[in-house]
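Student: Here is my input; please provide its structure:
(one chain, ligands or ions: 1)
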Amino acid sequence: MTAALLDGRLLAARIEENLRAEVSTFGEMLGRRPRLAVVLVGDLAASGSYVASKRRAAERVGIDSLLVERHGLVETNELVELVDGLARDEQGPVDGILVQLPLPPRVDTVAVLDAVPPDRDVDGFHPVNAGLLSQGRPRFIPCTAAGVQRMLIDAGIETAGRHAVVIGRSDIVGRPLALLLSGRGAGGDATVTICHSRSADLAEHARRADILVSAVGQPGLVTADMVKPGAAVIDVGINRVASASGGSRLVGDVDFDAVREVAGWITPVPGGVGPLTVAMLLSNTLLAAELRLR
Ligand code: NAD
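Tutor: Numbering: from 1, shown residues only. A predicted model of the protein is given here:
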């Protein structure tokens, strides 16, 4: 059996197409285009390229973006003030505020993220939004978790009554995804097991999964013997490894070639979950613009 490929690029393109029309309608109601502020701190090449791809995607659907960069030594209070200023629309009206992670180690990331007002928190990291999600009345859902659920729904992969195993318990991916999958309604109603770095018998848990999600950041973590035949395998991990040609390439957490012979569905890396994450960010930015109209 060879797994069906879950093509994130195709689905993201369809989502963007719908968003473009909605953004245009809301632009007319706002009297301006929705606007996303992106805060980029430090010099990590990967962060710079994620920010560039988010801004390109925003442009494609008609959302303006404002890039605010800080390089060199930056203190927590400076970044908190920066976010406060954006929230006061000091640099023009801003509907959504995104702080690209990771922040430099000396910065208190939680303090900076908490400074983003909950109604502009398009990443869904503020405790108010995390609380709303955990109570089953989500507003801004963390983009990667929302993207994974959207992908399952779009592919018609049944979650109700199925066993989902999520490897990874971060506030960004694993935990919100476990909440979504165990919540009520489409793409939910699953029985969920969360595994993490201290889990014993990871392989045994994984083998019981109808839906297996890996959000760890460790190449080769999920091997074919850990996958139930026919399961949906969603690879959130992004890892840069040396390539045979001497350069480098991106891989996920899943041993793709071997697992695709066992699984029923599988996401590639790149081109799987990544594009969905960006599409969900755009969707959250439109929602933030809508909230300002209410
Ligand atoms: P994180 O470092 O915050 O969390 C990693 C999680 O993995 C932790 O909860 C930890 O307990 C768990 N873990 C570590 N080693 C483990 C092991 N051996 N067995 C089981 N669990 C283990 O990372 P994150 O921010 O959640 O991101 C996870 C991965 O997903 C990274 O590779 C990141 O680059 C990627 N990511 C991808 C997207 C996307 O759009 N595709 C978005 C966000 C993150």
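Student: and the residue of the stretch 1-150 of the chain nearest the ligand?
Tutor: Thr144 (4.0 Å; Cβ to the nearest ligand atom). Where C-beta positions appear, they are placed from N, C-alpha and C, glycine not excepted.
Student: would that residue count as being in a strand?
Tutor: No. Thr144: not assigned to a strand; according to DSSP: H, G, I helix; E, B strand; the rest coil it is helix.
Student: What is the burial count for it?
Tutor: Counted with other Cβ atoms under 10 Å, the neighbours of Thr144 add up to 25.
Student: list the contacts for it?
Tutor: The neighbours of Thr144, taking Cβ atoms under 8 Å, 6 or more residues apart in numbering as the test, are Ile172, Val173, Leu177, Ala215, Val236, Val273, Leu276, Thr277, Met280.
Student: repeat that for 10 Å
Tutor: 123-124, 170, 172-174, 176-177, 215, 236, 273-274, 276-278, 280-281 (Cβ atoms under 10 Å, 6 or more residues apart in numbering).
Student: I'd say Val227 and Val254 touch.
Tutor: Yes. At 8.5 Å, Val227 and Val254 qualify as touching, with contact defined as Cβ atoms under 10 Å.
Student: And the strands in the stretch 51-200 of the chain?
Tutor: 64-70, 96-99, 163-167, 191-195 (DSSP state E, counting those that start in this stretch).
Student: And the average pLDDT for the third one is what?
Tutor: Read it as strand 163-167. What strand 163-167 shows for mean pLDDT is 99.
Student: Repeat that for the last one.
Tutor: Taken as a whole, strand 191-195 has a mean pLDDT of 98.
Student: got a list of contacts for it?
Tutor: So strand 191-195 is contacted by 159-169, 174-175, 177-183, 199, 201-206, 208-214, 216 (Cβ under 10 Å, 6+ apart).
Student: are any of those buried, and which?
Tutor: Among those, the ones that count as buried by 16 or more other Cβ atoms under 10 Å are 159, 162-169, 174-175, 177-183, 202, 205-206, 209-214, 216.
Student: Flag every residue of the stretch 151-294 of the chain that's near the ligand.
Tutor: Within the stretch 151-294 of the chain, the residues that sit near the ligand (Cβ under 6 Å from any ligand atom) are 167-170, 172-174, 195-197, 199, 202, 215-218, 236-239, 273-274, 277.
Student: which residues does Gln149 contact?
Tutor: 141, 159, 176-177, 180-181, 183, 186-188, 234, 276, 280.
Student: if we go to 6 Å?
Tutor: Applying Cβ atoms under 6 Å, 6 or more residues apart in numbering to Gln149 gives the contacts Leu180, Gly187.
Student: How about Val107?
Tutor: By Cβ under 6 Å, 6+ apart, the contact set of Val107 is Thr76.
Student: Buried ones only from the contacts of Thr144, please, as a PyMOL command.
Tutor: Typed into PyMOL, the line below selects the buried ones among those, using 16+ other Cβ under 10 Å:
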select buried, resi 123+124+170+172+173+174+176+177+215+236+273+274+276+277+278+280+281
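Student: Inside helices: which ones of the contacts of Thr144?
Tutor: Gly174, Pro176, Leu177, Val273, Gly274, Leu276, Thr277, Val278, Met280, Leu281 (DSSP state H).
Student: which residues touch the third one?
Tutor: Think Leu177. Ala145, Val148, Val166.
Student: Equivalent analysis for the last one, please.
Tutor: Each residue near Leu281 by Cβ under 6 Å, 6+ apart is listed here: Cys143.
Student: what's the spacing between it and Val39?
Tutor: Counting by Cβ to Cβ, to the nearest Å, the gap from Leu281 to Val39 is 14 Å.
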